[in-house]
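K.L.:
okay, predicted coordinates and the sequence, questions at the end:
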Amino acid sequence: MVEELALNRHIIMIDHVSNLRCLEMQKGAHWLVLLVGEQHSANVPSKLYEYWGANRPIIAIGPSGAEAVEMIKKTNTGIIADDRTMSSVLDRVYRGEHPFQPIREQMREYRLNECVKSVADVLNCTA
């Protein structure tokens, strides 16, 4: 896909590195890319939490309605693209038209202790 869209000058593909080195590199990136497949739209990849920890904007490529995509929208931590909008989204990124202004209050909803509390509340209601 990188070659098809002629992004070779803008995207660096890196072979396997240690987890610690990966986290360091994420913090230095201009943008981080999160791929969300149709078959995994209900799942939230742990990579999203790594990206939030790096405090860098995210380009999420995936179907509208996917859980990770909706989390990024809700928290304003990135920009969303799909097959139809990829070109225009990348143009906006390249021109710097998408300011990175995360909504920290919304991000707090996804902390582990908040998620566990939500599950406990559901279980208590069904008991």
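P.N.:
Right, received. Where do you want to start?

K.L.:
give me the neighbour count for Met71.
P.N.:
The number of residues packed around Met71, counting by other CB atoms under 10 Å, is 21. Heads up, the C-betas are built off the backbone N, CA and C, glycines and all.

K.L.:
I'd like to know how far it sits from Leu35.
P.N.:
Met71 is 15 Å from Leu35, where distance means CB to CB, to the nearest Å.

K.L.:
show me where the chain has helices.
P.N.:
19-28, 46-54, 67-75, 86-94, 104-108, 112-126 (DSSP state H).

K.L.:
can you give the contact residues for the fifth one?
P.N.:
Applying CB atoms under 8 Å, 6 or more residues apart in numbering, the contact partners of helix 104-108 are Trp52, Lys74, Thr75, Asn76, Thr77, Glu114.

K.L.:
any chance of the residues you listed in a markdown table with distance to Thr85, pLDDT and neighbour count as columns?
P.N.:
Shown next, in a markdown table, are the contacts of helix 104-108 (distance: CB to CB, whole Å; pLDDT from 0 to 100; neighbours: other CB atoms under 10 Å):
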| residue | distance to Thr85 | pLDDT | neighbour count |
| --- | --- | --- | --- |
| Trp52 | 23 | 94 | 19 |
| Lys74 | 19 | 94 | 13 |
| Thr75 | 19 | 95 | 20 |
| Asn76 | 17 | 95 | 17 |
| Thr77 | 18 | 95 | 25 |
| Glu114 | 31 | 66 | 10 |
